[in-house]
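Engineer: Sequence and predicted structure are below.
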Amino acid sequence: MAAAAKIVYEQDGVFIHLCSERIGEQDTLPGILRLIDKGTGAVVDWSPVDDSLDPSNIFCAGKDSSSVVEWSQCPKEKSSRSTMHQNSCEAEWDMVNTVTFKKKPFINGDDDSTYNMNKRSKWAFSFNLTDLKSIKKNLEGMGWSYLVFCLWDDTFLPALHFHHGGSTILLQCLKRYVLLSESSHDDRVLLVAYNSKALSQSFENLFEEHAVGLVQKFKKDPYTTTLGGFSKVTNYLMYAFRGYDVTSQQRPASEMDLSESISGLEINHQEEPGFEVITRIDLGTRPEIQRGEPVSIERWLQCMDAEGKVLDPDNVKKMIFKGGLCHAVRRLTWKFLLNYFPWDSSKEDRRLLTKRKTDEYFRMKLQWKSVSEEQEKRNTRLKDYKSLIEKDVNRTDRTNPFYEGHENPGLILLHDILMTYCMYDFDLGYVQGMSDLLSPILYVMENEVDAFWCFVAFIEQMHCNFEEQMQGMKTELSQLSTLLKLLDLGFWNYLESQESGYLYFCFRWLLIRFKREFSFQDTLRLWEVMWTGLPCQNFHLLICCAILDSEKQKIMENHYGFNEILKHINELSLKLDVEEVLCKAEAIYCQMMKCKDLPQAVGEILGLKDSTVITPDLEISAPETGVPKNSWRANHSDLAVASFMQTNENLAEHTDTAQNGHKTTAVE
């Protein structure tokens, strides 16, 4: 049952200023402005207190089904007014000449709301905060305060003038639901993003088990489902990448058509000054890659000395990258890969470290365990963390025998570890998606303390992805777009033409590192390969490229649009083969390494900025004085790739596999 609506802000004396020559003697329309918390989201609502005006001369407004008022620009003035609305400092005064109010039936279905929205005046308008893109304020000291709301489809609502004050209080109330930051282009414009709680709640639609429900909704109404289920995440990312002025950053369709119609044509448009522009580059032939066998117990023991120290960590990482690990070795080896155990530590060093970390863990666990119900009532953040954790834990990997069943001890450990992490990093706390990252770790460790510290190390790698501003996600999606542009400019142009150039559909891949895209066992293999840090920095972005490269033909041949692309990518869940994807990702890396004209931006993403960044199988000394910074690539890239590809053959000769039919125990 939906929560009752709650009015959190209400202010009368909020006017729309109209043109007196069109409306007779009245030049202002008084009304009441409200901010309504409907439980599932917040709505800004303006209702006039005088319905006596004649609507015959007021022009137009088009909006989607989430709003009560429909807005659309007057056809004969659309082109000329569109630019004016975005650039004119007085656009709010021009609004009355270019838009009309067109009443639209209210269909949101909130019959039990405390505020009856069905009895609205014909002059009222309303919009959900998920549709809000920016807010424009007036200059201080220039008459009554006013605010102009701009929606994500670049619709500007009429300026609301606060004759009785209250605009500052409204902005403070809005900050409970959204993040407001000043535009770098105009300090009167506040850009809208979503706070961590709202964004975390919106992840639910991304994490539906196997996305069965979402797929069914797509079949019935793909448009509504896409913009409903993914609106908060998508709008947040659109804000992050496109900024306030969206249209100025979009490439004209004619340019995209030209680059596709003439094979080999390079179009070099400096869209953002100061950034390197990637044009069509011949990457050469993509090599065939073979995977190796998993590292067995016998092979792992051969890599350690009598004191339990790893003899050659680099070689061990190479073996893991090429073949992964047999399950019996994972419990110990993952602790090295996640830097919980130092690679040069002895068995005794690790015993002492574990004892110290165990004491530290239970001290933190006791902190939240000892919080009384009365204390919890006064600690809203801890209460919110606990509520969200309990909700997520009860639906995390429940089909896995390790977590299935009522009151499963694995679920209790998941809950306790996540609550303890809130004590470890209370500022970050819990964000939806973290339970997906912890589940495989706990499955492998089968130990509460070890799982916690490995989880801490994993989150440390991805901390910025979960922070309030999600800067890590912005950066990774931007870097992925750069790599894809180099790999296949034609495909990237197609995605851009379908408003998918910022790769929003890869959001879940990156946030939880493909956890929902592969089977549980394949996820274990994928993560241990990525944790080696080989063959380059940001290898997970090349994994994204490999998946997209496999799907591009179907996407382009079927002329998929934004909704269809999102639906198609979502339906790949649990249908991907991890070994095939890893082979292709490594092949793409080798292909790029052999490119002598690799753009600097790509080199920096892959960690190839200078000669000290090398492949796992080739050691290259620093360049001599006077040698250009990137000359090593031309001299050594062929040898590096050849050496790296040879690794699989070398591993095949030395890697032992566990004997079939023999029970193996985990290495400690």
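Structural biologist: Structure's in. What do you need? Residues are numbered from 1 along each chain as shown.
Engineer: For residue 360, the count of nearby residues, please.
Structural biologist: 14 (other C-beta atoms under 10 Å). C-betas here are computed from N, CA, C, even on glycine.
Engineer: which SSE is it in?
Structural biologist: Residue 360 belongs to helix 347-369 when assigned by DSSP states H and E.
Engineer: and that helix, average pLDDT?
Structural biologist: Averaging pLDDT along helix 347-369 gives 96.
Engineer: Which positions within that helix qualify as buried?
Structural biologist: 350, 353, 354, 357, 358, 361, 364, 365, 367, 368 (16 or more other C-beta atoms under 10 Å).
Engineer: between those residues, which is nearest residue 376?
Structural biologist: The nearest member of the buried residues of helix 347-369 to residue 376, counting by C-beta to C-beta, is residue 368 at 9.3 Å.
Engineer: The closest one: what's its closest spatial neighbour, skipping adjacent residues?
Structural biologist: residue 419 (5.2 Å; C-beta to C-beta, 6 or more residues apart in numbering).
Engineer: doesn't residue 387 make contact with the one you found?
Structural biologist: No. Counting by C-beta atoms under 8 Å, residue 419 stays clear of residue 387, with 11.2 Å between them.
Engineer: Of the two, give the one with the bigger neighbour count.
Structural biologist: Comparing residue 419 with residue 387 by neighbour count (other C-beta under 10 Å), the higher total belongs to residue 419, at 23 against 11.
Engineer: check contacts around the more buried one.
Structural biologist: 365, 368, 385, 386, 389, 430 (C-beta atoms under 8 Å, 6 or more residues apart in numbering).
Engineer: Could you rerun that using 10 Å?
Structural biologist: Neighbour list for residue 419: 364-365, 367-369, 371, 382, 385-386, 389-390, 393, 429-430 [criterion: C-beta atoms under 10 Å, 6 or more residues apart in numbering].
Engineer: Any chance of the residues you listed in CSV with distance to residue 467 as columns?
Structural biologist: CSV is the format used below for the contacts of residue 419 (distance: C-beta to C-beta, whole Å):
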residue, distance to residue 467
364, 21
365, 24
367, 23
368, 22
369, 27
371, 25
382, 19
385, 15
386, 20
389, 18
390, 23
393, 22
429, 11
430, 13
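Engineer: List the buried residues for the helix or strand residue 603 falls within?
Structural biologist: Assessed by DSSP H and E, residue 603 sits inside helix 600-605. Neighbour-count burial for helix 600-605 flags 601, 602, 603, 604, 605 (criterion: 16+ other C-beta under 10 Å).
Engineer: doesn't residue 418 fall inside a helix?
Structural biologist: Yes. Counting by DSSP: H, G, I helix; E, B strand; the rest coil, residue 418 is part of a helix.
Engineer: Within the helices and strands, which one has residue 508?
Structural biologist: When secondary structure is defined by DSSP H and E, residue 508 falls within helix 507-511.
Engineer: Report all helices and strands that that helix contacts.
Structural biologist: On a contact count with 3 or more C-beta pairs under 10 Å, 6 or more residues apart in numbering; DSSP states H and E, helix 507-511 meets helix 231-242, helix 434-445, helix 448-466, helix 471-487, helix 539-557, helix 562-570.
Engineer: Out of these, which is the most enclosed?
Structural biologist: helix 434-445 (a mean of 23; mean count of other C-beta atoms under 10 Å).
Engineer: That helix vs helix 448-466, what angle?
Structural biologist: 150 degrees (axes from the mean of the first three to the mean of the last three C-alpha atoms, to 10 degrees).
Engineer: Report the mean per-residue pLDDT for helix 434-445.
Structural biologist: For helix 434-445, mean pLDDT is 96.
Engineer: what helices or strands is that helix leaning on?
Structural biologist: Judged by 3+ C-beta pairs under 10 Å, 6+ apart, the packing partners of helix 434-445 are helix 327-337, helix 380-393, helix 409-424, helix 448-466, helix 507-511, helix 520-530.
Engineer: what about residue 13, helix or strand, and which?
Structural biologist: Assessed by DSSP H and E, residue 13 sits inside strand 6-17.
Engineer: Could you pull up the residues touching the spatially closest residue to residue 473 that is not a sequence neighbour?
Structural biologist: In space, and not counting its chain neighbours, residue 473 is closest to residue 465: 5.1 Å by C-beta to C-beta, 6+ apart. The neighbours of residue 465, taking C-beta under 10 Å, 6+ apart as the test, are 431, 433, 459, 471-476, 510-513.
Engineer: Save those as TSV, and put in distance to residue 18 too.
Structural biologist: Output for those, formatted as TSV (distance: C-beta to C-beta, whole Å):
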residue	distance to residue 18
431	46
433	48
459	54
471	43
472	47
473	43
474	41
475	46
476	48
510	48
511	47
512	51
513	54
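Engineer: Point out the least confident member of those, please.
Structural biologist: Minimum pLDDT across the contacts of residue 465 is recorded for residue 471, with 85.
Engineer: so how far is residue 419 from the spatially closest residue to that one that is not a sequence neighbour?
Structural biologist: If the residues on either side of it in the chain are set aside, residue 471 comes closest to residue 464, at 5.1 Å by C-beta to C-beta, 6+ apart. Residue 464 sits 23 Å away from residue 419 when distances are taken as C-beta to C-beta, to the nearest Å.
Engineer: Next, the buried residues of stretch 330-350.
Structural biologist: Buried residues in stretch 330-350 (16+ other C-beta under 10 Å): 330-338, 340-341, 345-346, 350.
Engineer: Can you get me the start-to-end distance on it?
Structural biologist: Stretch 330-350 has an end-to-end distance of 16 Å (criterion: C-alpha to C-alpha, to the nearest Å).
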